[in-house]
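J.: Dropping the sequence and predicted coords here.
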Amino acid sequence: MSKNTPNIPGLGSFFLKNPGLFFKGMKNQLKQGVPMDLISLMGDYGKKTKKADASPTQLVANFTAGFPVEFLLAFDVWPGFPEFSACTAGMCEISQPLIEEAEGMGYSRDLCAYMKTAIGAREKGYPLDLGGSPVGDFYCGTNGVCDTHAKWFENEARKYGRPYFAMDVPCVVSGSDEARWKVDSDYIVAQLYDLIKFLEQQTGKKFDEAKFMNIINKSQECNRLYLEFFEYRKRIPAADYFIFMRVFMFPVFAQYDQDAAIKYYQKVLDKMKKRYAQAPEKIGKPEKYRLMWEGITLWYASDFYKDLEKKGAHIVYELYTESSAFRRKKTSSVEETMRQMAKEFTSATYILEQDKRIPFMVQKIDEYSIDGIILHANMSCRPSAAGLQDVKTEIEKRTNKPVLILTCDMMDPRAFSEAQVQNRIDAFIEMMEENRTQKEKQIMSGGTGQWQTINR
Amino acid sequence: MKAFAYFDSGHEFPEEIVMAAGFSPMKILGDVHKGTAAADEYLFPFFCPFARGCLADALENSGKWSGIGVAHGCDATDHHYDMWRDHVKGVPIFWVNTPMKMDQLARTFYIQELKRFIDNLDKQYSVKVGDKELKDAISLSNQVKSLLRQLAPLRVKKDIPNRDYFEIMRKSIQMPKESLVEDLKKTLADWENRKPFPAGKIPTFLTGSDVSFVEFMDLLDNAGFRVVRDDLSLGERYFATSIPDAASPVEALVTYSFDMPRSATRVPSDGRLEYILAVLKDTKIDTVVSQNMKFCEPYAMDAVWTIPAIKGKGYNCMHFERDFTPADNQLFTRLEAFKETIQQKGGRSNV
Ligand code: SF4
Ligand code: SF4
């Protein structure tokens, strides 16, 4: 397999050419308040990706979210993750010109802005820390989450003349039964065996089962620790909020350095254990309103989350960040792992079918003591936005908690109207406040304190 | 015979299976005059309006149908299915998971999937869809495809307005097949006697998202573009190939599904461009109109590379987004401007 020529510029050379943009990006990244150890872990991914890209022998494969990255690691292939890069550009609040760049290349305004940001950043020669990503030596995509992934990487592979492995994950719809599941699972597992053959061809190496299982074990450990952190988010006050979680999920998502990720998550957990072992008054002040968020974060709008927090509303649970944990169950053989993967591909919390999604959310509302729910009708991501009107109706009916639908875009600030969003947030907070007052009144008068329905 | 409706992003739904179960398959197209309002309560305005129109149609008309099939194609079919299941009342809804890929593994998967669909129909309607019933349905379906293959080439030679072509396609996916065969035979006799291809119309290849309402075809015609070839599902994809004769009719349906001209919802979709270029080369058509239904992702993704490739070969090619609306004056003006450019250049050239 031939190696691509290195193509990602360094941060230094970018700075010399674009000092203004560089400072803007860095300033916005810093204001996220991401802890240094996590920043350095992410920075390390950037450095290593750049090194892999520049190496004449190290193969780099770009993969989409939902693709089983452990197979790449088992073949010593470096995992390039353009969505991660796009998120970085979003956090740096520099995504819009990148999106426009991609639109200039023919990508419609209505297409996913993750994809357009990543494409625009590569075209404009942005470094990794500001949204750039390498051209893959080959591409691995799946339609498990969305069609966009499969078509995006098909286009990329075609453009650069690179091999493409597309994994076809059958869509699970409401009412699917076990018989259908068996057929779906067989199809996915057969493709995973195909993937092994594909990787053997690309790398010239034989699949090493023991090595793969070692990687899987680490992946499972990484996922276990990551998910354990969610337990502390159920506490009042919660361990941390969405603005942190959206970055905290990267080590488990990209899996590029499993040992470092395990060490990092363990360290954070140890800190949490200590924190919550203290007397309640030392743990922190309870949140006034505890929120659930469904959908992708608004990467470019960290101020929005900070404003929410200033108003006493903290997002303590999101399905999106929880869905980045894939390997949830211990497995002991390749075949068993593949079967388990098939289950995971088709049941990630991000793409749950409606008849599972709604009860799942209701359960989480209870587990996380949620006061209000924000549903992000994401114009970039139709798969996740589908069904949200029904989610709202059902959740309001089943829980009597206020539900707000925000129509925005996770990456494209053109779809974010600050004034409009603020008005709606204020009204939403008023509803939560009204619920709280009613609950208190009820308790005072000897009632159960069950939430009341609010007429709107 | 009662209609069995289906929601399909392209030509994925296996009509012959419901024919074999004793129903008349009818593709849901929505009603562009009624719009999408009924569905907008459940689907956001930034979803494909064709798909919203189909849901609106089903919400109003499901009582007239014996069942509904939803075939996987794009994210709209996948992720709207649950809304159909929850809100379209009084009729059983079936999910047919057409694979995205077309290799041997996908073939094995799809055979299972079609067998499962047959079982579900058997159970739901107490019927027995066997090989004989399937083969009869395939034979009838192939008669329709064969007639369409005789009709379609007349577009190049005769005066066949876009609306007439659309109308035979609409009938093909909505009329009971038995009466359709007779209807198409009559149409064939009529078309053969039509006047020659009119001077002043530009013979055009139409590609992109499916066209589901006749007004769009009129718009093209009125702007001077006569569609003589296409790769639409309400078009050549539906009849370019026949369902092969095979011992197993289910396997024949899978082969047919994988061999027909490629849609943008399949990966890889390279075959789509190959089909377009081969047709352009064979027929000496030098004008391509490529249209994208607003929010239609698969075709928008393909347009990024297919349009430059078509233009790169020197063909006149215009690509645009359109909406689910019967009248679009702005688009008409753009098409007229495109026509003028072609006329000024007087030959095969980029626009
Ligand atoms: S945002 Fe949605 S459409 Fe875009 S890549 Fe992610 S899942 Fe796919
Ligand atoms: S027009 Fe596009 S998005 Fe809409 S149903 Fe058809 S393929 Fe899907």
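T.: Perfect, I can see it now. Numbering: from 1, shown residues only, chains lettered A, B, ... in the order given. Ligands and ions are numbered 1, 2, ... in the order given.

J.: Going by C-alpha atoms from here, please, whenever you check contacts or count neighbours.
T.: Noted.

J.: centre of the chain versus stretch B:9-18, how much separation?
T.: 10 Å (C-alpha atoms, centre = their mean, to the nearest Å).

J.: Does that stretch reach chain A?
T.: No - interface with chain A: stretch B:9-18 contributes nothing (C-alpha under 8 Å from any C-alpha of the partner chain), its closest point being 13.1 Å away.

J.: ends of stretch A:343-350, how far apart?
T.: 14 Å (C-alpha to C-alpha, to the nearest Å).

J.: what's the spacing between the spatially closest residue to A:Phe253 that is not a sequence neighbour and A:Ile425?
T.: What sits nearest to A:Phe253 in space, not counting adjacent residues and going by C-alpha to C-alpha, 6 or more residues apart in numbering or on different chains, is A:Ser324, at 5.7 Å. Going from A:Ser324 to A:Ile425 by C-alpha to C-alpha gives 27 Å.

J.: Under the pLDDT cut-off, which ranges of the chain? List them.
T.: All of this is about chain A. For chain A, applying pLDDT under 70 flags the ranges A:1-6, A:446-456.

J.: wrong one, chain B
T.: B:347-351.

J.: tell me the domain ranges of it?
T.: B:3-132, B:133-345 (automatic domain parsing).

J.: and the shortest one, anywhere near ligand 2?
T.: Yes - contact of domain B:3-132 with ligand 2 is found when judged by C-alpha under 6 Å from any ligand atom, involving B:Ser9, B:Cys48, B:Phe50, B:Ala51, B:Cys74, B:Ala76.

J.: Show me how far that domain is from its chain's centre.
T.: 14 Å.

J.: Check stretch B:290-303 too.
T.: 14 Å.

J.: On the three-state scheme, the residue nearest to A:Phe253 is what?
T.: At A:Ser324 the chain is in coil, as set by DSSP: H, G, I helix; E, B strand; the rest coil.

J.: neighbours around it, how many?
T.: 23 (other C-alpha atoms under 10 Å in any protein chain shown).

J.: what residues does the helix or strand hosting A:Met26 touch?
T.: Using DSSP states H and E, A:Met26 falls within helix A:19-30. Outside helix A:19-30, the residues that touch it by C-alpha atoms under 8 Å, 6 or more residues apart in numbering or on different chains are A:Phe14, A:Phe15, A:Ala89, A:Met91, A:Cys92, A:Glu93, A:Ile94, A:Leu130.

J.: Past it, which element shows up next along the chain?
T.: From helix A:19-30, the next helix or strand downstream (DSSP H and E) is helix A:36-54.

J.: which helices and strands sit right next to that next one?
T.: Applying 3 or more C-alpha pairs under 8 Å, 6 or more residues apart in numbering or on different chains; DSSP states H and E, one finds that helix A:36-54 contacts strand A:78-80, helix A:250-254, helix A:258-277.

J.: What residue in chain B comes nearest to chain A?
T.: Among the residues of chain B, B:Val304 lies closest to chain A, at 5.1 Å counting by C-alpha to the nearest C-alpha.

J.: In space, what's closest to that residue - neighbours in sequence excluded?
T.: B:Val304 sits nearest to A:Gly106 (C-alpha to C-alpha, 6+ apart), 5.1 Å away.

J.: Over to that neighbour. Which of the three states is it?
T.: A:Gly106 - assigned by three-state DSSP - is coil.

J.: unless I'm mixing things up, it is touching B:Ala303, no?
T.: Yes - contact criterion C-alpha atoms under 8 Å: A:Gly106 and B:Ala303 qualify, at 7.4 Å.

J.: check contacts around residue 296.
T.: Going with chain A. Contacts of A:Ile296 (C-alpha under 8 Å, 6+ apart): A:Tyr320, A:His376, A:Asn378, A:Met410.

J.: Correction: the question concerned chain B.
T.: Contacts of B:Cys296 (C-alpha under 8 Å, 6+ apart): B:Cys48, B:Ser209.

J.: again, only using 7 Å
T.: Residues counted as contacts of B:Cys296 (C-alpha atoms under 7 Å, 6 or more residues apart in numbering or on different chains) are B:Cys48.

J.: That one and B:Ala246: what is the separation?
T.: 35 Å.
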